[in-house]
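In: could you look at this predicted model? Sequence included:
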Amino acid sequence: RRAGCSVGGLVADMAAATATSSRGPSDRVENSAGGASSSSSSRRPSRTWPDGTACQPQNGYALFREMLKHHSAKSTISAIHDFVQQFPSGLSRSEAARRVHKFLTGTQEWMLSETIVVTAETDEEGRSQTAEGLEKFLLSRLHSRLFAMDPADAEEDSRLRRHIAGLQWVEFRHLSMPPVDPSLLALAVNELRRIDTYKAPRDKLVCILNACHVINDVLLRSLKEQGVLGRPMSADDFLPLLIYAVLMANPPRLYSNVEFVAAFRHPSRLIAEDAYFLTALQSAVAFIRNAGPKVFDVDPEEYERLYASAVASFEREGNTTNGAHADAGEAASASCASGSRGTRNLPPALEEKARELEPSLRQHLRVQLGLMHLRFEAVQPSQLRVMDVEALLSEYRELARLLRRAERGFLEES
């Protein structure tokens, strides 16, 4: 029996939804600069724009941003600014997506025909970079209005996150699949958790693709170990393992992220492998949302016991988010400014030292902390990027200096 009848039905839905899409190797890789780029995009040689102005040798989104600085792109910038400023509130997600897609299509064609710096990039790679850059530039500025735009989205995110937390006891046997080494799924789990750290649909989608590629690799390894490597993989193999990875990851705002990508990724680019793996994640989420004791072939009383215990553990940890949201830094600063940090969650030795501080010194320390912008307070280790190291080290040094001064009683002099 395959992971309950529901999984079988979802597999059929996946096949139907992607019947016209061919599956091919993904050409996308994660960009350490905080976005997603095509591995086929090579760095172009240094050159000048057609009007003789200098152009820095860049590629991908950086090149698109460089294009927008050119005087011939002023009308495009103006159009984007007006569209963002005048974008109406209260739209349904489908209507908002229709307007965004229409604007992107029209603006892209205008840029390719009228903007000097873009007409210089009219080969296939240049057109693709223009389309991708325009989508990311626009959606990053509309993100706060379009993400979780339905009032019910936040409630569904919270309910789904709590439900997944209650299913942490689920094992491979409950999904009617052979076990694999869970550590092999660590990269997939990390990618699923990183979806929420990006704003643009494509960047979120790249995280989904990366996770699915890891799962495919794990499946190939598993089939090889079982001696059936010659058998082609199917959705029946893939979907249960994706479900398991989603349960392990319990990504923040999962429902809203999937809906956002599905609605606002331009349909002309949501094809082939991209469409297949997004449909797979949608199917996994749909399965999990409705999963109960019957699906996992567990006695109802045993299910309730395991579920209640897992939820209680989740709530004790206060784990309402699994990683930093895009506004985690601002939320952390607001919490600090309100004086909520204080001695919260300090180890016993530090808490004892904090109590020994004079009231005036303690208050001054609280004020100084409130003035700091601690961007990494809610960030998980797996979400740190190489580019974050310098800022993280600076933040650490600032805190260390403050604590050393407090220890010596010199805080008043700062």
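Out: Alright, I've got the coordinates.
In: in the host helix or strand of Arg98, what counts as buried?
Out: Element membership for Arg98 (DSSP states H and E) is helix 93-114. Going by neighbour count (16 or more other C-beta atoms under 10 Å), the buried part of helix 93-114 is Arg93, Ala96, Ala97, Val100, His101, Phe103, Leu104, Thr107, Gln108, Met111, Leu112. The C-beta positions use only the backbone N, C-alpha and C, and glycine is treated the same way.
In: kindly report the same for stretch 169-189.
Out: Using 16+ other C-beta under 10 Å as the test for burial, stretch 169-189 gives Trp169, Val170, His174, Leu175, Met177, Val180, Leu185, Leu187, Ala188, Val189.
In: once you drop chain neighbours, what's closest to the second one?
Out: In space, Val170 comes closest to Leu247 once its chain neighbours are excluded; the distance is 5.7 Å by C-beta to C-beta, 6 or more residues apart in numbering.
In: does the one you found touch Gly166 like I think?
Out: No: proximity of Leu247 to Gly166 does not meet the contact threshold set by C-beta atoms under 8 Å, at 10.2 Å.
In: now do stretch 222-233, average pLDDT.
Out: Averaged over stretch 222-233, pLDDT sits at 74.
In: an error on my part: the question was meant for stretch 267-287.
Out: Throughout stretch 267-287, pLDDT has a mean value of 95.
In: quick check: buried residues in the top helix by length along the chain?
Out: Counting by DSSP state H, the longest helix found in the chain is helix 201-225. Going by neighbour count (16+ other C-beta under 10 Å), the buried part of helix 201-225 is 201-216, 218-219, 222-223.
In: elements contacting the following helix or strand past it?
Out: Past helix 201-225, further along toward the C-terminus, the next helix or strand under DSSP H and E is helix 235-249. Contacts defined by 3 or more C-beta pairs under 8 Å, 6 or more residues apart in numbering; DSSP states H and E place helix 235-249 against helix 4-17, helix 186-194, helix 201-225, helix 272-289.
In: between helix 235-249 and helix 272-289, how big is the angle?
Out: Comparing the axes of helix 235-249 and helix 272-289 via axes from the mean of the first three to the mean of the last three C-alpha atoms, to 10 degrees yields an angle of 60 degrees.
In: run through the neighbouring helices and strands of the very next helix or strand once past helix 235-249.
Out: Going down the chain from helix 235-249, the next helix or strand is helix 254-264, by DSSP H and E. Helices and strands touching helix 254-264, by 3+ C-beta pairs under 8 Å, 6+ apart, are helix 93-114, helix 124-146, helix 151-165, helix 201-225, helix 272-289.
In: end to end, how far does stretch 143-157 reach?
Out: Stretch 143-157 has an end-to-end distance of 17 Å (C-alpha to C-alpha, to the nearest Å).
In: how about residues contacting it?
Out: For stretch 143-157, the external contacting residues (C-beta atoms under 8 Å, 6 or more residues apart in numbering) are 87, 89, 91-93, 96, 100, 139, 199-200, 252-256, 259-260, 263-264, 326.
In: how about 10 Å then?
Out: Contacts of stretch 143-157 with the rest of the structure, by C-beta atoms under 10 Å, 6 or more residues apart in numbering, involve 84, 87-93, 96-97, 100, 139, 142, 159, 196, 198-201, 204, 251-257, 259-260, 263-264, 289, 325-327.
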